[in-house]
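Colleague: curious how this folds, go ahead:
(one chain, ligands or ions: 1)
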Amino acid sequence: PRPIELLQAAQTATATHRANLPVKDAVVHWFKWDLRTQDNSALYLASQKASEAKVPLIGLYIISPEDFEAHLTAPVRVDFALRTLRVLKKDLEALDIPLWVETVEKRKEIPGRVVELMEGWGASHLYANMEYEVDELRREARMVRMLAERGMSMEVLHDTCVVPPGRLQTGTGKQYSVYTPWFRAWVRHVHEHKELLELAGLPLRNHPSAREKFAEIFECEVPEAPENKKISEEEKKRFKALWPAGEHEAMKRLSKFCDEAIGKYGQNRNIPANPGTSNLSVHFASGTLSTRTAVRMARDRNNTKKLDGGNEGIQVWISEVAWRDFYKHVLVHWPYICMNKPFKPEYSNIEWSYDLKQFNAWTNGRTGFPIVDAAMRQLNHMGWMHNRCRMIVASFLSKDLLLDWRMGEKYFMEHLVDGDFASNNCGWGFAASVGVDPQPYFRIFNPLLQSEKFDPEGEYIRKWVPELKGVSGKAIHDPYGRGAGAIASKAGYPKPIVEHKAARETTLAAYKRGIDSG
Ligand code: FAD
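Modeller: Take a look at the predicted model:
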């Protein structure tokens, strides 16, 4: 069975027990990557349960350094989560809800510790939103049963996608593996199920006894980053300025984007020098914003209730947010992509290179291809990269350097503030042609043409590659090939580490050999 089926079976097996279980002294909501009070399905349900039973609701968050390690969580992402927790703690306190934050070193100790805490608080009911990675689904399946055996209960809800995984099937009852028909089905489904865009309310004010009974929880402080995810003081300052934390920031950014930029999203979204995208991925990935809230606000700005009609910018943006759902649906249905395997098994035999010198040139933004280097430097500085550039650098790594795409996927996760397993894995699968609904393998981005098309004036390159500031005109895209070699060389900018045309031929041959022998 798929991990989600294990969880569903556990929830079904314990449903009667859950329905009949009387509420003891408290109800607990376990926060994970759903760090918000607004439109949070499980939090709202937990608060209703607590309110009906007239007992306090407690929020719980567990920091696990080993878990961060296992998920390759970037230090910038951990920093964002911890800063967000401080905002969340205050927001919850305004509703008299305490938030307990605790560090549990080992991942396998998390379930036991949650049970211990619940017993200590006299809590009977645990709520959480579902995370679709294999380890999390399996853990939650075990926890649902374990809590039931101990006279408690756990309910895990769909929340992070607009349409829960598993809902959409092709006419023959299969999971979609191509985005376009899937998107049509997604739109239809949302139109037919209006409740999918109903927002969950704010949690209700907590029972008055909470402050006295759980004073110690109100006093607990959100710790600093664990040793394995520590960042320097300079990075702390930089990330704080770049990525203001918390759900209010997310709402502010969403409103501003919907007021000022969404209408032109279709035209501007591919220009990395132009801030034409929403920059909301960090909020979706951390759960400081729900995709329901976002899609609903975008739709409400349109002159039609149709998600695929009206203003072009709004339509395109909603369809981009839907890609996030699509990839989560793919992960749930084909969980083996969590196990380092390509979605397309016939691409398992490609002989990748593991040349560390080339890989380091790529990670450090020193490949001699200005658009690639600008993008990698943006990632290293911000923990974020524009989508067009993510495609360019991923294609460059897998198809110009023929490096194993998994090296790039891992590097991205280790550095992205919006690192999300499904979107990242499938994004890499798309660019390297080994994933779901991918770019055909023989379509190989020419970095020079991409640069000319999407950064025509070289603004983005000049911003991130200061060595090339003095290069004017079209030479910015290829300084050594277009007469600006002296300036580039004097400024210490490297020559191209590969020749694109030759690399293209090598790659086509390697893919073909791999597929033929697969
Ligand atoms: P906008 O253009 O404003 O789009 C709105 C939202 O739609 C995004 O915030 C995101 O949630 C979703 N979205 C847009 N494009 C995609 C897409 N192609 N796939 C999935 N969701 C999408 N996105 C992540 O959130 N986390 C990742 O780890 C991640 N890794 C990627 C790796 C590669 C190789 C590629 C090609 C793409 C990856 N993406 C990832 C998708 C995309 O690049 C980012 O979501 C986007 O750049 C975020 O910027 P934005 O919020 O301004 O996006």
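
Colleague: my guess is Thr363 contacts Phe412. True?
Modeller: No - in this structure, Thr363 is not within contact of Phe412 by CB atoms under 8 Å, at 10.3 Å. Using the backbone N, CA and C atoms, a C-beta is placed for each residue, glycine as well.

Colleague: who has more neighbours out of the two?
Modeller: Neighbours were counted for Thr363 and for Phe412 using other CB atoms under 10 Å; Phe412 has more, 24 against 20.

Colleague: now the more buried one: closest residue in space that isn't a chain neighbour?
Modeller: Nearest residue to Phe412, sequence neighbours excluded (CB to CB, 6 or more residues apart in numbering): Asn424, at 5.5 Å.

Colleague: now do the phi/psi pair for that neighbour.
Modeller: Torsion angles at Asn424 (phi, psi; degrees, to the nearest 10) stand at phi -70, psi -50.

Colleague: for the residue nearest to Asn206 when sequence neighbours are not counted, give me its contacts.
Modeller: Of all residues not flanking Asn206 in the chain, Asp96 sits nearest, at 3.8 Å (CB to CB, 6+ apart). Neighbouring residues of Asp96 by CB atoms under 8 Å, 6 or more residues apart in numbering: 205-208, 210-211.

Colleague: 10 Å instead?
Modeller: 56-57, 204-211, 214, 218 (CB atoms under 10 Å, 6 or more residues apart in numbering).

Colleague: quick revisit: overlap in contacts, Thr363 and Phe412.
Modeller: 379, 393, 397.

Colleague: right, and the first one touches Met413 too?
Modeller: No - when contacts are counted by CB atoms under 10 Å, Leu379 is not listed as touching Met413 (11.4 Å).

Colleague: these two: which is more packed in?
Modeller: Leu379 (24 against 19).

Colleague: name the nearest residue to the more buried one, sequence neighbours excluded.
Modeller: Met385 (4.4 Å).

Colleague: could you look up the SS state of Leu85?
Modeller: helix (DSSP: H, G, I helix; E, B strand; the rest coil).

Colleague: and the helices in the stretch 51-200 of the chain?
Modeller: 65-70, 75-93, 110-121, 134-149, 179-192 (DSSP state H, counting those that start in this stretch).

Colleague: where's the nearest residue to Lys89 once chain neighbours are set aside relative to Pro208, distance?
Modeller: Closest residue in space to Lys89, ignoring its immediate chain neighbours: Leu99 at 4.6 Å, by CB to CB, 6+ apart. Noted for Leu99: a distance of 18 Å to Pro208, by CB to CB, to the nearest Å.

Colleague: comparing these two, which residue is more hemmed in?
Modeller: Between Leu99 and Pro208, counted using other CB under 10 Å, the more crowded position is Leu99 (22 against 11).

Colleague: what's in contact with stretch 139-146?
Modeller: So stretch 139-146 is contacted by 1, 3-14, 18, 30, 32, 67, 107-108, 110-112, 114-115, 126, 128, 130-131, 133, 152-156 (CB under 10 Å, 6+ apart).

Colleague: check which residues of that stretch are buried.
Modeller: Neighbour-count burial for stretch 139-146, counted by 16 or more other CB atoms under 10 Å, picks out 139-141, 143-146.

Colleague: most widely separated two among the residues you listed?
Modeller: Largest separation among the buried residues of stretch 139-146 by CB to CB: Arg139 and Arg145, giving 11.3 Å.

Colleague: circling back to that earlier point, now narrow the contacts of stretch 139-146 to whatever sits close to the ligand.
Modeller: Near the ligand, judged by CB under 6 Å from any ligand atom, there are no entries from the contacts of stretch 139-146.

Colleague: name the nearest residue to the residue in the chain that the ligand sits nearest to, sequence neighbours excluded.
Modeller: Going by CB to the nearest ligand atom, the ligand is nearest to Gly427 of the chain, at 2.5 Å. Leaving aside its sequence neighbours, Gly427 sits nearest to Arg390 (CB to CB, 6+ apart; 6.2 Å).

Colleague: check which helix or strand that neighbour maps to.
Modeller: helix 387-395 (DSSP states H and E).
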